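*Asks:* I would like to see how this sequence folds:
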Amino acid sequence: MTVKDMALTRADLLRLLPGAVGALPWRAEADTIRIGAEAGADLHIEPLPPCRFGPVEIPRLRVSFAFRGWDEAEQRAFLARFDRAFQRGGG
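*Replies:* Presented below is the predicted three-dimensional model:
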């Protein structure tokens, strides 16, 4: 199982998710997002305490990925696309 600690809100995750899943269907229910039909991935979302840097507060989520019916190459390709969709600029 792959787990990511992400600096965003649930609303941000859902807003950016279409860019990460491409043409795959998905639906969100409570703390789970189901991607794909028979084969795909289930993302389990857990809110974490925010990171604090002085007066700045950064929201956090733990996102766990459970894959269904995809081989290792398909899982890696999905995670690479997911990471690109949520990548932020920096200097």
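*Asks:* For the most centrally placed residue in the chain, which non-adjacent residue is closest in space?
*Replies:* Residue closest to the mean C-alpha point of the chain, counted by C-alpha atoms, centre = their mean, is Val63 at 5.7 Å. By the measure of C-beta to C-beta, 6 or more residues apart in numbering, the closest residue to Val63 outside its immediate chain neighbours is Lys4, 4.9 Å from it. C-beta: built from backbone N, CA, C; applies to glycine.
*Asks:* picking up where we left off before, so which helix or strand takes in the residue nearest to the centre of the chain?
*Replies:* With elements delineated by DSSP states H and E, Val63 resides in strand 56-68, which encompasses its position.
*Asks:* buried stuff in that strand?
*Replies:* Taking 16 or more other C-beta atoms under 10 Å as the neighbour-count basis, strand 56-68 is seen to contain the buried residues 59-61, 63, 65, 67.
*Asks:* got the CA positions of stretch 25-45 in PDB?
*Replies:* Extracted as PDB, the C-alpha positions of stretch 25-45 are listed here (Å, rounded to 0.1, in the frame of the first residue of the first chain):
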ATOM      1  CA  PRO A  25     -14.500   7.300 -13.600                       C
ATOM      2  CA  TRP A  26     -14.300   8.200  -9.900                       C
ATOM      3  CA  ARG A  27     -16.700   8.900  -7.000                       C
ATOM      4  CA  ALA A  28     -16.100  10.200  -3.500                       C
ATOM      5  CA  GLU A  29     -17.900   8.800  -0.500                       C
ATOM      6  CA  ALA A  30     -17.000  10.100   3.000                       C
ATOM      7  CA  ASP A  31     -13.400   9.200   3.500                       C
ATOM      8  CA  THR A  32     -12.900   7.100   0.400                       C
ATOM      9  CA  ILE A  33     -12.500   7.900  -3.300                       C
ATOM     10  CA  ARG A  34     -13.100   5.000  -5.700                       C
ATOM     11  CA  ILE A  35     -11.300   5.300  -9.000                       C
ATOM     12  CA  GLY A  36     -12.000   3.100 -12.000                       C
ATOM     13  CA  ALA A  37     -14.600   0.300 -12.200                       C
ATOM     14  CA  GLU A  38     -13.500  -3.300 -11.600                       C
ATOM     15  CA  ALA A  39      -9.800  -2.400 -11.800                       C
ATOM     16  CA  GLY A  40      -8.500   0.800 -10.300                       C
ATOM     17  CA  ALA A  41      -7.600   2.300  -7.000                       C
ATOM     18  CA  ASP A  42      -9.300   3.200  -3.700                       C
ATOM     19  CA  LEU A  43      -8.000   6.300  -1.900                       C
ATOM     20  CA  HIS A  44      -8.600   6.400   1.800                       C
ATOM     21  CA  ILE A  45      -8.400  10.000   3.200                       C
END
